[in-house]
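Peer 1: All I have is the shape, not the residue letters:
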């Protein structure tokens with residue numbers, strides 16, 4: 001029991017220490033800069049604080065949390081550190097100087113924390129055991145810290161800071177947007193390769209008869225496989241992407257859009273650059289034209305194009321693909337997405 005009680009106390013102390021560290025080290029939302037996107041750890045709370053505010057302005061902070069947008073499929077080829085605060089002089093003299101300086105800076109409209117620190121140095125508010133300098137900077141340029149609860153995988157927090165001034169014209173109003181993002185839920189990988197489909201063609205021809213007529217006759221099938229150059233797009237979830245062998249769901253489309261093939265299945269990805277897959281495809285196969293039946297006798301010697309038509313039928317598909325930075329099936333393509341990855345940059 002003593003050991004359990006001791007372990008509980010240590011765990012509680014660790015949580016308190018972590019919360020204190022979060023509060024003491026807020027993420028700075030610097031209004032002197034532009035909009036910023038910052039990566040954060042998953043399920044870890046953090047604190048934000050607006051810095052470099054203008055005096056005599058009203059600032060509002062709005063936090064919204066939502067899911068990150070997944071990057072669309074891509075076919076390749078087609079903050080400065082602040083100065084350290086000066087040590088202020090202890091006692092009433094320090095407080096009086098800081099108060100007087102704050103009044104002067106508010107009237108002057110000093111804009112940034114760096115400007116305030118420069119004025120503090122010029123006013124010679126130095127010494128030890130005086131917290132008035134940081135209080136002065138807080139009052140002039142910073143907001144109260146605001147804690148954001150830990151984000152889940154694939155989420156983002158948008159912090160919008162809006163500045164207004166009572167009685168001021170619209171030109172004085174301004175909005176800043178700061179984003180905090182966790183790791184994406186997953187990423188899409190694009191591979192190029194060849195897909196092999198079971199040959200389900202049922203082609204017919206007009207076989208000449210002894211009486212000069214023709215009989216609708218089924219052709220013999222010499223090949224059991226058809227192949228197509230294809231693109232495949234595979235979804236790799238974040239929890240799984242660190243493995244060398246990645247099972248994933250994949251979808252694909254044939255490069256030849258005059259004879260389109262579309263399929264979906266399961267794939268095994270090795271080292272991001274190689275995938276082997278199996279699935280079900282929808283592909284065009286030859287069938288006898290609906291105007292005829294096998295064994296019909298006809299007077300004219302119809303061509304195979306006249307006797308047959310192509311219709312979509314299901315077929316088993318398997319294949320292998322490779323990841324390139326450009327589309328190997330695109331002739332004369334010298335430009336393209338060289339990023340390689342699609343969040344892993346879409347490739």
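Peer 2: Perfect, thanks for sending it. If you're wondering where the values come from, they're calculated on a predicted model, not measured in any experiment. Residues are numbered from 1 along each chain as shown.
Peer 1: Now the residue nearest to residue 296 when sequence neighbours are not counted: which helix or strand?
Peer 2: Excluding its sequence neighbours, the residue lying closest to residue 296 (C-beta to C-beta, 6 or more residues apart in numbering) is residue 216, at 4.5 Å. Bear in mind the C-beta positions are built from the backbone N, C-alpha and C, glycine included. Assigned by DSSP states H and E, residue 216 belongs to strand 214-218.
Peer 1: Hmm, the residue nearest to residue 296 is touching residue 204, no?
Peer 2: Yes. Between residue 216 and residue 204 there is a contact under C-beta atoms under 8 Å: 5.4 Å.
Peer 1: who's in contact with residue 270?
Peer 2: 244-246, 276 (C-beta atoms under 8 Å, 6 or more residues apart in numbering).
Peer 1: which ones among these are found in helices?
Peer 2: Assignment to helices by DSSP state H places none of the contacts of residue 270 there.
Peer 1: So among those residues, which ones count as buried?
Peer 2: Buried members of the contacts of residue 270, counted by 16 or more other C-beta atoms under 10 Å: 246, 276.
Peer 1: Narrow the contacts of residue 270 to those in strands?
Peer 2: 245-246, 276 (DSSP state E).
Peer 1: after the helix or strand of the chain with the lowest mean pLDDT, next one along is what?
Peer 2: Each helix and strand of the chain was given a mean pLDDT (mean pLDDT, DSSP states H and E); the minimum falls on helix 2-24 at a mean of 46. Using DSSP H and E, the helix or strand that directly follows helix 2-24 along the chain is strand 27-30.
Peer 1: Check which residues of that following strand are buried.
Peer 2: 27-30.
Peer 1: Also stretch 145-157?
Peer 2: For stretch 145-157, a neighbour-count test (16+ other C-beta under 10 Å) marks 148, 151, 153-157 as buried.
Peer 1: Check stretch 308-322 too.
Peer 2: 308, 313, 315, 317-319, 321.
Peer 1: what's in contact with that stretch?
Peer 2: With C-beta under 8 Å, 6+ apart, stretch 308-322 has contacts from 191-198, 200, 203-204, 230, 232, 252, 259, 261, 263, 265, 273-290.
Peer 1: my guess is residue 160 meets residue 179, correct?
Peer 2: No. In this structure, residue 160 is not within contact of residue 179 by C-beta under 8 Å, at 9.9 Å.
Peer 1: among the buried residues of stretch 145-157, which are in strands?
Peer 2: 148, 155-157.
Peer 1: could I get the residues you listed as CSV with pLDDT?
Peer 2: CSV is the format used below for those (pLDDT from 0 to 100):
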residue, pLDDT
148, 77
155, 85
156, 87
157, 88
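Peer 1: from these, which is closest to residue 62?
Peer 2: Set against residue 62, the nearest of those by C-beta to C-beta is residue 157 (10.7 Å).
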